[in-house]
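J.: Quick one, structure for this:
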Amino acid sequence: MRRQPAGVNPRLRDPLVDQLVHAMLSLRSAEECYRFLEDLCTIGEVRALAARLEVARLLAAGRTYEEIARRTGASSATISRVRRFLEYGADGYRTVLGRLARAPRQGRPRRSPRPRRPQRPQGPRRPQARG
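T.: Okay, here's the model as predicted:
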């Protein structure tokens, strides 16, 4: 049985937070979002938010705490907190992760390109027959 989301914490609702939410909803492109985040937060704050989302994605994918810590550098306390919100929160992570999964090219970290296979050594070239 699927649990009901907890809903938005009433302590979070505030006219200034409403303004922030509407400001975020008004952004029309990733570039606008980057520029807004750059003005709003420190680089460290943005990276911390991005790391939490990645922790949530890895938890939802069934990864272990150890693997998540190794891949993201997040502490076990952060991973545990994200897991708690994934399971008992307001479904914010699940909503975003579900949408990102349907649009895999948007919002997913870029993977490093696959290493190329080493090419087989080639022997000496045979002279071409002239005809």
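
J.: Could you verify my assumption that residue 76 touches residue 65?
T.: Yes: at 5.8 Å, residue 76 counts as touching residue 65 under the criterion of Cβ atoms under 8 Å. For the C-beta atoms, the positions are set from N, CA and C on the backbone; glycine is no exception.

J.: If you count surrounding residues, which of the two has more?
T.: residue 65 (16 against 11; other Cβ atoms under 10 Å).

J.: Pull up the per-residue confidence for the nearest residue to the more buried one once chain neighbours are set aside.
T.: Closest residue to residue 65 apart from its sequence neighbours, by Cβ to Cβ, 6 or more residues apart in numbering: residue 79 at 5.2 Å. Per-residue confidence (pLDDT) for residue 79: 97.

J.: so which helix or strand takes in the most centrally placed residue in the chain?
T.: Ranked by distance to the mean C-alpha position of the chain (Cα atoms, centre = their mean), the top residue is residue 54 at 4.0 Å. Using DSSP states H and E, the element containing residue 54 is helix 43-60.
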